[in-house]
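**Q** coords below, sequence missing:
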């Protein structure tokens, strides 16, 4: 019996870094919006690291490193 590919998929994970002056949530939004301009079929993201930039004792930036998952298209 041959295996069926119905309902199966293959995904790829790519790492990106995004920054915002506002918040971690905004940095995530910026990163996802940018990723979806280039990548098709984005299905999720895993926030791997969060980092704040500090200047003179004040937080001046929020950075996230994330792994973005997108499903690969079938060859035509």
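**A** Structure's in. What do you need? Just so you know, these numbers come straight off a predicted model, no measurement behind them.
**Q** now residue 19, nearest residue through space, not along the chain?
**A** The shortest distance from residue 19 to any non-neighbouring residue, by CB to CB, 6 or more residues apart in numbering, is to residue 63 (4.7 Å). Using the backbone N, CA and C atoms, a C-beta is placed for each residue, glycine as well.
**Q** Number of residues surrounding the one you found?
**A** Using other CB atoms under 10 Å, the number of residues around residue 63 comes to 16.
**Q** would you say it is within a helix?
**A** No - remark: residue 63 does not belong to a helix; assigned using DSSP: H, G, I helix; E, B strand; the rest coil, it is strand.
**Q** Any idea what it is bridged to?
**A** Residues in a beta bridge with residue 63, per DSSP bridges, are residue 19, residue 51.
**Q** show me what contacts the spatially most central residue of the chain?
**A** The structure's the chain has its C-alpha centroid closest to residue 68; by CA atoms, centre = their mean the separation is 3.3 Å. Neighbouring residues of residue 68 by CB atoms under 8 Å, 6 or more residues apart in numbering: 13, 14, 15, 16, 31, 32, 35, 39, 42, 44, 45.
**Q** The fifth one touches residue 17, doesn't it?
**A** Yes - counting by CB atoms under 8 Å, residue 31 does reach residue 17; the two are 7.5 Å apart.
**Q** Can you check which residues contact both of those two?
**A** Residues touching both residue 31 and residue 17 (CB under 8 Å, 6+ apart): 64, 66.
**Q** With neighbour numbers in mind, choose between these two.
**A** Per other CB under 10 Å, whichever of residue 31 and residue 17 has more neighbours is residue 31, with 22 against 13.
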